[in-house]
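Trainee: Coordinates for the following, if possible.
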Amino acid sequence: MLSVKASLVLLASLVVVGCAKKHDHHGHGAEPAQVSEAFVQQLVLPSYTALAEESGDLKEALQTLANNPTDAHLAAARQQWIETRPLWEKTESWAFGPAETEGLDGDLDDWPVSVLELEQAFQTDPFTADTFSRLGTTSIGFHGIEFVLYGGENEPPMAADLTPQQTSYLGFAGKAFHNTAQQLLSSWTGTDGFGAQLMGDPEGTILEMVEGAIGTLEEVHLEKLGAVLEEGPEGLESRFSGTTNADIVNNVSGAQSVFEDTGLKQLLAEKNAGLAEQLSESLAMGVSAAEAMPSNLGQRLNDPAVVEFMEATIEATESAFNLMTQALETLDSF
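Mentor: Modelled structure (predicted):
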């Protein structure tokens, strides 16, 4: 039987071939203006549109659960959370601009969740819109909702276990989440939107794109995985739902899309073809390594095989981070 790393090398070699066929459709001679437009029109806006639409479904599922807390409605809310989550995680590489300056990233996805603040808030009777408004970003968004739906460190609750405060919270949290997702989309659209600003400065956009991917890859290998192996499972994102592995797959896939699906690879290849190909292969390896990790990582950190999968992902994403940093230096002159 092949070792984990040998298996990943083999798998990545197949993925690289597949990615080359799938992604390499922009041709040569890419210009910054073309890359900038493709990034905004073909990557960012469709992703935020999908997130806004899916967040509406999450709001409805949570409100239905709040109105009628049955096990079927709880299962549906969890499923909708699972379906909405990847739509955000893939966008981490372009969580700059309004996501950062207007605090929308934090409102959607701050972590780790503030368990103490939530538990104290759930002592409030009744739990009102004013109670919700006083919560910090680490108590709302994806991970506050996840904490209530999946029960934190405890066994996942049945619907009958949810308190009136918790169900009220879910209704408010779903509405706030959807509003934030809509705000994020609208901030990028229109002639005065951030997307138009980026397309008006193509060279600046290229650097923003690369820096965004660098930030994602750095966070994955240093914080989302590296720190967890050193400090324990408390730092795992999406640990209550056991879906950290899916988060990582979508994080790295998003960085890969920035490079492969916008013409950025072709732009880099004109300056350094070898670096462009190395980076393409490294990103494919990162996705392959992430896909090989199992779910429920927090419960499996004592398993040497699982740790090896995590270490392989750390190694692959750190390599991609280093190469993407080189790409930034190479592209920082037009």
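
Trainee: now the end-to-end length of stretch 147-160.
Mentor: 16 Å (CA to CA, to the nearest Å).

Trainee: For that stretch, buried residues please.
Mentor: F147, V148, L149, Y150, G152, P157, A159 (16 or more other CB atoms under 10 Å). All C-beta atoms are positioned from the backbone trio N, CA, C, and that covers glycine.

Trainee: Return the helix or strand in the chain with minimum mean pLDDT.
Mentor: helix 4-23 (a mean of 45; mean pLDDT, DSSP states H and E).

Trainee: Need the three-state assignment for the residue of the chain most remote from its centre.
Mentor: What lies farthest from the middle of the chain is D125; by CA atoms, centre = their mean that is 34.4 Å. Secondary structure assignment for D125 (DSSP: H, G, I helix; E, B strand; the rest coil): coil.

Trainee: Tell me who's in contact with it.
Mentor: P164, Q165 (CB atoms under 8 Å, 6 or more residues apart in numbering).

Trainee: What score does it have for pLDDT?
Mentor: Looking at D125, its pLDDT is 95.

Trainee: Repeat that for S3.
Mentor: pLDDT, S3: 48.

Trainee: Start the count at 30 instead of 1 going forward.
Mentor: Got it, first residue is 30 now, which makes that one S32.

Trainee: pLDDT-wise, what's the bottom of the buried residues of stretch 176-189?
Mentor: Lowest confidence among the buried residues of stretch 176-189: G181, with 85.

Trainee: Would you mind measuring from V335 to N279?
Mentor: 19 Å (CB to CB, to the nearest Å).

Trainee: higher neighbour count, these two?
Mentor: Comparing V335 with N279 by other CB atoms under 10 Å, the one with more neighbours is N279, at 22 against 18.

Trainee: Show the contacting residues for the more buried one.
Mentor: Per CB under 8 Å, 6+ apart, neighbours of N279: P115, E118, K119, E121.

Trainee: If we ignore the residues flanking it in sequence, what's nearest it?
Mentor: E118 (3.7 Å; CB to CB, 6 or more residues apart in numbering).

Trainee: Next one: the one you found, what pLDDT does it get?
Mentor: 98.

Trainee: okay, now it: neighbour count?
Mentor: E118 has 23 nearby residues by other CB under 10 Å.

Trainee: For it, pull up the helix or strand it's in.
Mentor: helix 100-118 (DSSP states H and E).

Trainee: Check which residues of the helix or strand just after that helix are buried.
Mentor: Next helix or strand after helix 100-118 toward the C-terminus (DSSP H and E): helix 127-130. Judged by neighbour count using 16+ other CB under 10 Å, the buried positions of helix 127-130 are P127, A128.

Trainee: same check, this time on stretch 160-170
Mentor: Those would be T160, F161, L164, T166, T167, S168, I169, G170, for stretch 160-170 by 16+ other CB under 10 Å.

Trainee: Just list the residues touching the residue nearest the centre of the chain, thanks.
Mentor: Geometric centre of the chain, nearest residue: E118, 1.5 Å, by CA atoms, centre = their mean. Residues in contact with E118 (CB under 8 Å, 6+ apart) are A275, D276, N279, N280, G283.

Trainee: which of the buried residues of stretch 160-170 lies closest to G85?
Mentor: G170 (15.6 Å; CB to CB).

Trainee: All set, thanks.
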